[in-house]
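J.: sequence first, then the predicted structure, then my questions.
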Amino acid sequence: MSHALLQPVLFGGLFMGVLSALPIVSFGNCCCLWVMGGGVVTAYLIQHGRQDSIQLGEGALAGFLAGIVGAVVYAVIALPVQLVTAPLMRGMMDGFLESVAEVPPELRQLLEGADGGLGSILIGLMVMFPIMLVLGAIFSTLGGLLGTVIFRKNPPATQAAPPSTPELQA
């Protein structure tokens with residue numbers, strides 16, 4: 001990968017991964033907003049750094065790579081974030097289960113079994129990482145294409161020479 005692509009791919013992957021890992025903010029991924037946004041950011045940064053127009057294939061490849069980087073960033077950021085927020089979530093879940101009288105016993109047992117410890121967080125990440133990898137590869141590629149179309153510089157129009165006028169004779 002060329003140096004011209006490396007930095008935009010890393011920033012696009014950081015955009016996707018960090019926003020996907022943050023609690024509440026991650027709800028933007030319900031329609032793959034942050035994943036596609038990573039590809040768009042990547043295409044923008046590539047185009048911003050040069051004079052010629054970014055090509056569709058280049059935007060797609062950069063978006064794809066940003067999606068892969070974003071999935072790794074997601075896993076790295078999500079682990080400590082979930083370790084910090086798990087006790088809060090557990091307290092909220094306990095309060096919810098106490099306030100609702102009609103929870104089926106199977107659901108109550110499942111919810112109470114999810115203790116939010118390191119084991120359950122790691123299992124959750126082992127499930128989510130491949131999902132983020134696939135979604136990142138697909139939707140960040142689409143975001144790279146979209147960003148290419150939006151931010152591509154149009155080549156300057158060639159200006160036609162003015163018509164020559166016959167010289168005036170006096």
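T.: Perfect, I can see it now.

J.: for the rest of this, base every contact and every neighbour count on C-alpha atoms.
T.: Fine.

J.: which neighbouring elements make contact with the helix or strand containing Ala75?
T.: Taking DSSP states H and E as the criterion, Ala75 maps to helix 56-99. Packing partners of helix 56-99 (3 or more C-alpha pairs under 8 Å, 6 or more residues apart in numbering; DSSP states H and E): helix 3-21, helix 33-48, helix 105-113, helix 118-151.

J.: okay, the ones you listed in CSV with mean neighbour count next?
T.: Written out in CSV, the entries for the helices and strands packed on helix 56-99 read as follows (neighbours: other C-alpha atoms under 10 Å):
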stretch, mean neighbour count
helix 3-21, 23
helix 33-48, 28
helix 105-113, 11
helix 118-151, 20
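
J.: and stretch 34-42, average pLDDT?
T.: Here stretch 34-42 scores 96 as its mean pLDDT.

J.: low-confidence ranges, this structure, go.
T.: Across the chain, residues meeting the criterion (pLDDT under 70) sit at 1, 89-101, 103, 107-116, 155-170.

J.: look at Ile54 and give its secondary structure.
T.: coil (DSSP: H, G, I helix; E, B strand; the rest coil).

J.: against Ile68, how distant is it?
T.: 21 Å (C-alpha to C-alpha, to the nearest Å).

J.: how big is the angle separating the helix holding Ala75 from helix 33-48?
T.: 150 degrees (axes from the mean of the first three to the mean of the last three C-alpha atoms, to 10 degrees).

J.: circling back to that earlier point, between Ile54 and Ile68, point out the one with more neighbours.
T.: Remark: of Ile54 and Ile68, Ile68 carries more neighbours, 26 against 21, as counted by other C-alpha atoms under 10 Å.

J.: you'd agree the more buried one is up against Phe139?
T.: No: if you go by C-alpha atoms under 8 Å, Ile68 and Phe139 don't touch, sitting 10.8 Å apart.

J.: ok, back up a step: how about TSV for the helices and strands packed on helix 56-99, with distance to Ala75 added?
T.: TSV is the format used below for those (distance: least, C-alpha to C-alpha, whole Å):
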stretch	distance to Ala75
helix 3-21	8
helix 33-48	14
helix 105-113	23
helix 118-151	6
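
J.: who wins for proximity to Ala86 among those helices?
T.: For Ala86, the closest of the helices and strands packed on helix 56-99 is helix 118-151, at 8.5 Å, according to C-alpha to C-alpha.

J.: chain center to that closest one, what's the gap?
T.: On the basis of C-alpha atoms, centre = their mean, to the nearest Å, helix 118-151 is displaced by 7 Å from the centre of the chain it belongs to.

J.: ok, now stretch 5-13?
T.: On C-alpha atoms, centre = their mean, the centre of stretch 5-13 falls 11 Å from the chain's centre.
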